[in-house]
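> this one's sequence-less:
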């Protein structure tokens, strides 16, 4: 028997907390347990110190203390707890502040259930998670900031064509544009994208961009 991943949800909207809790508890294929809830950053810190969860999902904007300040405290004082930021669209600067404060990943609030579960398992295992809807602008902001933990410890070998595809992904080229440049089909480009993500051990285009910049495969 595996011990469940113990979760705390922090959001000042009770309806959202209840909905997310219900969604997570119905995920029978995943060992998850929501052990606590908080309506603001101060409550979140208190509950984290009492219950010692594995993962926290927290809104950024909350009364009394926001998610950024609470995350900074948790990262410093309960360092093994992995924090996932919950954001609205167009909150790039706040998301960046959350990651700088120690959040291991972030999700848009209306993310699909499968992505939420994927994010929880990813940060629980110590890997960062970037929302699938991450704009390349935000990905470049994250990669260009002084954030740790994104540089590969082992050198991954990419062939010349893969390096060109990586560069063009970072330049926001579509699969069709990449294919036209390399005289290959869009389908072949998509196969390159999958292989590149597997080598980098990332889940999304944003992960590719962040990895490439951090590991000096592309310069902004």
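The structure has been received and is ready for your questions. All values derive from a computational prediction rather than experimental measurement. Numbers count the residues shown, from 1 in each chain.
> what distance do you get for the residue nearest to residue 3 when sequence neighbours are not counted to residue 25?
Distances taken as C-beta to C-beta, 6 or more residues apart in numbering put residue 31 closest to residue 3, at 7.3 Å, once the chain neighbours are dropped. For every residue, glycine as well, the C-beta is placed using N, CA and C. Distance of residue 31 to residue 25, computed by C-beta to C-beta, to the nearest Å: 11 Å.
> again, but for residue 93
For residue 93, the distance to residue 25 - C-beta to C-beta - is 33 Å.
> and residue 123, that's in a helix?
Yes. According to DSSP: H, G, I helix; E, B strand; the rest coil, residue 123 belongs to a helix.
> so who does it touch?
Residues near residue 123 by C-beta atoms under 8 Å, 6 or more residues apart in numbering: 55, 82-84, 104-105, 129.
> now with 10 Å?
5, 54-57, 81-84, 103-106, 129 (C-beta atoms under 10 Å, 6 or more residues apart in numbering).
> where exactly do the helices run in the protein?
Using DSSP state H, the helices of the chain run over residues 14-25, 41-51, 67-77, 92-101, 113-124, 136-144, 160-170, 175-182, 186-200, 205-214.
> hey, least reliable of those by pLDDT?
With a mean of 84, helix 136-144 has the lowest mean pLDDT of the helices of the chain.
> mind listing what's buried in that helix?
Across helix 136-144, burial judged by 16 or more other C-beta atoms under 10 Å covers 136, 138-143.
> ok, for residue 81, nearest residue in space, not its chain neighbours?
That would be residue 74: by C-beta to C-beta, 6+ apart, it lies 5.4 Å from residue 81.
> for residue 27, give its distance to residue 123.
For residue 27 relative to residue 123 (C-beta to C-beta), the value is 16 Å.
> meant to ask about residue 26
Distance from residue 26 to residue 123, by C-beta to C-beta: 21 Å.
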